[in-house]
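Participant: sequence plus the predicted model coming up.
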Amino acid sequence: MWSCLPLSKLIKPRHLVCLIVTAFAGCGGGSHPPVIITPPAVRPAVLVSPLTATVPISTNELFSAFVTHSSSNIVKWSVSAGTVDDIGFYVAPDSVPSGGTATISATLASDPSVKGSAVVTITTKPVTLTVSPATATVKAGFATYFAPNITGTSNLEVLWSLNDPGDGRYPGSISGGVYWAPSPVLLPRTYSITATSAADPSKTASVQVSVIPLENQAAQTFPIELGASGLNSKSIDCCSGTLGSLLADQKGKQYILSNSHVAARMGSAMPGEAIIHPGFVDTECDFTVPKEVAKFTAAGGISSNVDAAISEVVAGAVDPKGGIIGLGGVKADGNYLVAPPATTIATATIGMRAAKSGRTTGLTCGTVEAVNASIQVDVPAECGIPAATSILYQGQIVLDGLTRPGDSGSLIVEAATARPLALVTSGSSDGRFTGANPVGDVIQALNQAANLKLSFVGGGEHNVSCTAATGAALPAVHQQSASSEILLPEHEVERAMALQFKYENEILQNPGVLGVAVGREEANPGKVALVVFVEREGKPPLLPKTLGGLSVRMIPTGHFGPGVLPGRRARSSCHPSAAN
């Protein structure tokens with residue numbers, strides 16, 4: 001039975017409110033309905049951003065209004081000095097108003113009692129704009145950054161434009177100060193970049209950027225270094241791929257290694273067809289410029305599980321030491337050093353650092369993200385390939401996106417040793433991943449196709465670095481993550497491969513699945529996972545979170561396709577007489 005005592009003896013004053021409800025509910029022996037406390041209604045609010053701004057006379061600033069706790073977000077703008085339109089675009093008056101400030105307000109249209117405001121300081125100090133560096137040199141297809149410096153206004157927005165007085169076809173592009181150079185360029189070109197202040201469009205600053213040919217794209221004198229632009233001459237399209245590396249047979253005869261879809265027209269080529277350098281894209285579709293460097297010899301067939309071809313070198317056309325552009329590193333001025341790969345083959349492991357030198361992106365470094373991958377590659381009917389097809393390659397290596405179209409045929413090496421690791425064959429359409437054939441599988445398939453005993457032409461082991469000698473990082477496709485340095489237990493990887501073999505066919509039947517591989521968990525990179533590549537667009541497939549105790553990680557990405565670079569024109573439209 002409850003006893004009623006004076007509250008002053010039971011509680012301290014700060015506890016009074018909550019205990020009064022409890023005490024009265026228990027005293028007197030009766031029952032009482034629960035006390036329902038209704039929270040106060042939350043009123044709408046309008047927040048104007050920025051809250052303060054400095055705007056010189058006759059210049060402008062864009063304001064935004066954020067509405068909370070209201071079903072309508074429509075506001076009406078007003079200002080005490082100057083003008084403002086219905087989207088918050090403010091223009092300061094031609095002279096400083098009394099007090100030197102103006103108040104800009106946004107009033108909720110559905111409830112005029114609700115508004116937000118910002119204070120604008122209006123000055124006569126002019127807007128100034130400079131851009132640095134004043135000049136820059138960048139390789140074709142690479143990027144560099146221009147930094148704007150604006151004073152006199154809080155509106156730091158800059159509008160960028162490109163002007164090429166020599167050739168308007170190839171100015172490149174610029175956004176947010178990041179300039180991407182056009183590709184290819186046959187000769188050095190200089191472009192003008194102009195920054196315009198959004199606050200005061202009369203204030204501009206211009207800089208000059210020189211674009212130089214990327215070594216991998218440039219036409220070389222004989223003997224050429226590899227990692228270079230090239231293609232089968234019978235391609236009816238303006239395309240380019242990469243002539244990747246050099247092999248030799250048991251008699252010392254040398255061959256260029258590339259992809260079947262680069263050198264063999266995806267198995268349609270006949271022995272003796274000319275392999276040319278550079279590819280047609282890198283002559284701006286002038287089909288008279290390239291020169292023959294090799295003759296197609298043999299290719300792994302579609303059933304061989306590799307996309308590879310060899311072409312016998314024309315005497316004197318290729319560096320007999322197997323030098324590859326950039327594999328020797330980068331000089332302080334950004335130019336590539338030539339070096340051959342090592343002759344011993346490496347085996348890929350998850351997290352291994354890798355490097356490649358190819359036609360489009362030059363020297364890039366990345367990481368092995370997954371092994372034993374089964375990847376569906378969609379091959380279009382272009383660049384001499386007679387018919388579109390889709391091929392499931394198994395036992396592949398997947399790396400983070402260290403390639404772009406045109407890099408097909410590049411040799412991937414282990415970065416720490418320059419040992420041959422894989423042959424670039426495909427890439428996801430979003431540029432996130434690169435698919436590659438392990439070179440052991442490539443050599444085995446080509447030996448069988450050509451009845452040869454092939455090995456890599458090269459030298460001793462050496463490190464391959466994508467950093468300039470000055471220590472400054474070069475423009476690269478990939479940035480290494482810390483998780484890539486975590487090694488995975490070998491027995492766990494082998495167990496995951498066994499589970500992959502068990503469930504792979506079932507997983508691949510799901511719509512939207514592009515491939516299956518063994519990789520690492522995203523949240524716990526020290527643990528092995530079954531990696532499933534799925535279409536970035538569309539509904540994700542319904543897959544279990546675990547299989548056999550192994551985490552299933554779905555990674556959205558683009559469809560995988562061959563990495564040959566198609567140009568804009570077919571051969572007949574470049575040179576009509578060539579088709580006769």
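Facilitator: Nice, I can see it.

Participant: quick check: next helix or strand after the helix or strand containing Leu129?
Facilitator: Leu129 belongs to strand 128-132 when assigned by DSSP states H and E. Counting by DSSP H and E, the next helix or strand C-terminal to strand 128-132 is strand 135-139.

Participant: and the closest residue to Gly384 other than its chain neighbours, what does it touch?
Facilitator: Nearest-residue entry for Gly384: Ser235, 3.4 Å, with adjacent residues in sequence omitted and distances by CB to CB, 6 or more residues apart in numbering. In short, each C-beta sits where N, CA and C put it, glycine included. Residues near Ser235 by CB atoms under 8 Å, 6 or more residues apart in numbering: 265, 280, 383-384, 571.

Participant: so how far is Leu452 from Ser235?
Facilitator: 25 Å (CB to CB, to the nearest Å).

Participant: packing partners for the longest helix along the chain?
Facilitator: As assigned by DSSP state H, the longest helix anywhere in the chain is helix 490-508. When contacts are defined as 3 or more CB pairs under 8 Å, 6 or more residues apart in numbering; DSSP states H and E, helix 490-508 sits against strand 362-379, strand 513-520, strand 528-535, strand 550-557.

Participant: cutoff 7 Å now
Facilitator: With contacts defined as 3 or more CB pairs under 7 Å, 6 or more residues apart in numbering; DSSP states H and E, helix 490-508 has these neighbours: strand 362-379, strand 513-520, strand 528-535.

Participant: and Gly515, how many neighbours?
Facilitator: Neighbours of Gly515 under the rule other CB atoms under 10 Å: 28.

Participant: so where is the stretch 1-150 of the chain shaky, pLDDT-wise?
Facilitator: Applying pLDDT under 70 to the stretch 1-150 of the chain flags residues 1-32.

Participant: can you show me the strands along it?
Facilitator: Ranges of strands in the stretch 1-150 of the chain, per DSSP state E, counting those that start in this stretch, are 45-49, 52-56, 60-62, 64-68, 75-79, 83-84, 89-91, 101-108, 115-123, 128-132, 135-139, 143-145, 147-151.

Participant: now the first one: buried residues?
Facilitator: This means strand 45-49. 46, 48 (16 or more other CB atoms under 10 Å).

Participant: so which of the strands of the stretch 1-150 of the chain gets nearest Glu490?
Facilitator: In terms of CB to CB, the element of those nearest to Glu490 is strand 143-145, at 38.4 Å.

Participant: how distant is that closest one from the center of its chain?
Facilitator: Chain-centre distance of strand 143-145: 15 Å, with CA atoms, centre = their mean, to the nearest Å.

Participant: what packs against it?
Facilitator: strand 178-180.

Participant: distance from the helix or strand following the strand it packs on to the middle of the chain?
Facilitator: Going down the chain from strand 178-180, the next helix or strand is strand 189-197, by DSSP H and E. Chain-centre distance of strand 189-197: 25 Å, with CA atoms, centre = their mean.

Participant: just want the angle from strand 189-197 to strand 135-139.
Facilitator: For strand 189-197 against strand 135-139, the angle by axes from the mean of the first three to the mean of the last three CA atoms, to 10 degrees is 130 degrees.
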